[in-house]
Structures are given as C-alpha cells and as structure tokens.
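1. below are the sequence and a predicted model; questions follow.
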Amino acid sequence: MRKFLIAIGILIAQTSFAQISNVHMNGAPARLSGYSGVDGSPYLFEDWSRADIGTTNAGLKENVAYRFNIHENELEVINEAGNTIILNKNYLEYVMLERPSLIIATSGGSASGLLTKLLFKKGFEFIRGVNPNDLVNVLAEGKKYSLVRRFYSDLVTPPKNSYAPTAGKMFVFEESIYLIDENEEVTSVKARTNSILKALHESDQELAKSIIKENKLSLDREDHLVIFFQKLNETSK
C-alpha cells in the first residue's frame, strides 16, 4: 500500500512539473492589471476573441482565446489548463487574430471592407520603433512590396482643463502603416489611394493605377489593399 501511495505521489509530482514547465516554456502567468483609474484601453480589442497561433515548439494551436495588449505588445491567451498567460513570443511564428464579430457588425459588415482575421508576425525591427519580437499586422507580403501596420496604445497624461480638475492618465490609440520594398526601404503611408501610389516606385505607378481602375479598388479599405498588393506583386517586374 505504501509503495502504491509513493507511486501515486511521484506521478502527481511529475504531472504538476510538466504543467509548470509547459507554462514556463510558452508563457508566463498574466500579471494583475496596473491600469486601474486609466481611461481608454491598452488592448487592440477590448473583448476576448479567438486566434490561431503558429509556434515552433508546439505546432499550430487553433481557436485560442486571446486579448492583444498593444501597449506592451503582449498576447494574453488562455492555455489548455484554463490559465491566462502572456505568450512567450520567442516560440511564435505567426498569429492570426479574429476580429470580434460585434466590431464587424457595427462597422457595416462586409461593406466596411474590414478583414475578419488579421495576420501578425515578428521580424520587422528595421522599422523605426519596432523591436525584433514585436508583433506587427501584415496586410500584404510579396517579393516587390509588403504592407504592414503597427498598432499601439500610448499612455499619456492630458493637460488639466475645466472638465478634468485632476489630470489623469489615458490610453490613446495609434495606428501606423508602412510600405516596404524589396530592399527593405520603409515609407510611412496612409490607407489612401494617393498616399500609397506616391510611395511606390515610379516605374510601378502606372501599373498600379490600372490595377485600381480595372478592379474598382479603393485603398482606404483593408480588403481592397490586400487585393491591390496581391495583383501588384504578381504583375510588377
């Protein structure tokens, strides 16, 4: 009987260690929020949603509950044990984040042009302000051109005014879009047709105009941006 109890104890200890090791390898327990009393949100989407996560050590994890803290550039996920952890980005290849359906619905559905899923990758540290492990939204990726977007929630202290007797802190949402050519030359652009056309190589601008005209594209729409760069990368020399 004693041997049986010892064996059970060893098994429980091994199982507990495996769980702890798994958490340590893939992420750290999420810390308590230090944002009490701060207006706004540090998250890309306030509500929890679903993600597909490609990792180097555990393959593809599908339908993982997530929130993306864009102030810290940290992905909070719920692991297999039901614990909320901050994902260790050293093991990440990519993440595909699902936009909450409520955002799509309240923005006009498919007519808004919003993508239902957003691809994020690392490896864009040649962009100013981006660290090697930072997750950046990849809208288009090709040999000739790529288009990426950096989301950030800046923590600021607004000046005192008659409406706010005591100046408190607040999060301010920021979005930056970058065009990258085959030489990793980076140009900051707006999601507007004229801004993107101007940033392209001069030799590609006429082709780009014809793609926009033939496909009736408006480059202030996410879905049209994806179509535009796909066709541009396929046909430009």
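-> Ah, there it is.

2. and the residue nearest to A191 when sequence neighbours are not counted, which of the three is it?
-> Nearest residue to A191 in three dimensions, chain neighbours excluded: D220, at 5.2 Å (Cβ to Cβ, 6 or more residues apart in numbering). To be clear about C-beta, it is placed using only N, CA and C from the backbone, and glycine gets the same treatment. Following DSSP: H, G, I helix; E, B strand; the rest coil, D220 is assigned to coil.

3. which residues does D220 contact?
-> 113, 191-193 (Cβ atoms under 8 Å, 6 or more residues apart in numbering).

4. how close does S146 get to L135?
-> Distance check for S146 against L135: by Cβ to Cβ, to the nearest Å, it reads 15 Å.

5. between the two, which is the more surrounded one?
-> It is L135, of S146 and L135, that has more neighbours when counted by other Cβ atoms under 10 Å, with 25 against 20.

6. relative to E76, how far out is that one?
-> According to Cβ to Cβ, L135 stands 12 Å off from E76.

7. low-confidence ranges, this protein, go.
-> Where the chain drops to pLDDT under 70, the residues are 1-33, 160-167, 237.

8. list the helices and strands the helix or strand hosting Q205 packs on?
-> Using DSSP states H and E, the element containing Q205 is helix 205-215. Contacts defined by 3 or more Cβ pairs under 8 Å, 6 or more residues apart in numbering; DSSP states H and E place helix 205-215 against helix 193-199, helix 222-235.

9. how about it: buried residues?
-> 207-208, 211-212 (16 or more other Cβ atoms under 10 Å).

10. could you do stretch 89-106 as well?
-> 89, 92, 95, 97-100, 104.

11. those residues into a markdown table, with extra columns for secondary structure and distance to Y43?
-> Formatted as a markdown table, the buried residues of stretch 89-106 follow (DSSP: H, G, I helix; E, B strand; the rest coil; distance: Cβ to Cβ, whole Å):
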| residue | secondary structure | distance to Y43 |
| --- | --- | --- |
| K89 | helix | 17 |
| L92 | strand | 18 |
| V95 | strand | 15 |
| L97 | strand | 11 |
| E98 | strand | 14 |
| R99 | coil | 13 |
| P100 | coil | 11 |
| I104 | helix | 17 |
